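K.L.:
predicted model, plus sequence, below.
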Amino acid sequence: MAFGRKKTSPNYYFLSILIQLYLFLSFFTHFLNSNLSNKETLTSPLTSNITCNVNHFTCKNGRCIPRRWVCDYQQDCAEGEDELQHCPPPQCSSHQFACGEYVFNRSYCIPKHWRCDKVIDCVDGADEGDSCQYPLCRPEDHKCSSGLCIPASKRCDGYYDCRDESDEADCKNGEYNQTK
């Protein structure tokens, strides 16, 4: 018998290597999840047993994300629970209409010209509410597929007034209505 290490079975040696590898990966994934500053957080089945620190939010699948990613209007958790935390609605620009009800990943800030066009864009229908006064259709008006009527002067004027763009369909190239 040679001096030095005691002879061990190959199964024991293999098992000890696996345990060391598991401990290293557990520590490494926990370290990465708590220290990453970009949105490329490592996900692994090993993270499901890890508790997130106080500066992180825990997704349903166990993934830890920085708290600053909660309510940032971008889904970071697989099921979107980081955006379903009673988040405030986004700030709409002056060229947009703000719907009455905010639901993540649904229309909220819509172009102002979509309001009162007989197409419901807001979850709560606020863009087509009682305050809309739709003009009566006259025989010479163009009727959009939504039912909205636009004056004949807006037909073939080079601008889409109907959401279905039918007011500019079948117009002769280069010949636009000049009656504005």
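P.N.:
Sure thing, it's come through. Numbering: from 1, shown residues only.
K.L.:
can we go C-alpha only for contacts and neighbour counts from here?
P.N.:
Noted.
K.L.:
next secondary structure after the helix or strand of the chain with the lowest mean pLDDT?
P.N.:
Lowest mean confidence among the helices and strands of the chain (mean pLDDT, DSSP states H and E): helix 10-35, at a mean of 59. Next helix or strand after helix 10-35 toward the C-terminus (DSSP states H and E): strand 56-58.
K.L.:
quick one: end-to-end length of stretch 130-150, please.
P.N.:
End-to-end distance for stretch 130-150, by C-alpha to C-alpha, to the nearest Å: 20 Å.
K.L.:
how about that stretch: buried residues?
P.N.:
If you call a residue buried by 16 or more other C-alpha atoms under 10 Å, then stretch 130-150 has these buried ones: 141-144, 148-150.
K.L.:
quick one: mean pLDDT for it?
P.N.:
Mean pLDDT, stretch 130-150: 90.
K.L.:
what does stretch 164-180 give?
P.N.:
Mean pLDDT, computed over stretch 164-180, is 74.
K.L.:
go on, stretch 52-67?
P.N.:
92.
K.L.:
same check, this time on stretch 102-119
P.N.:
pLDDT averaged over stretch 102-119 gives 88.
K.L.:
and that stretch, what's buried?
P.N.:
Buried residues in stretch 102-119, counted by 16+ other C-alpha under 10 Å: 102-104, 108-110, 114-119.
K.L.:
would you mind measuring the gap between the ends of that stretch?
P.N.:
The first-to-last residue distance of stretch 102-119 comes to 18 Å (C-alpha to C-alpha).
K.L.:
and for stretch 55-70?
P.N.:
Stretch 55-70: ends 11 Å apart by C-alpha to C-alpha.
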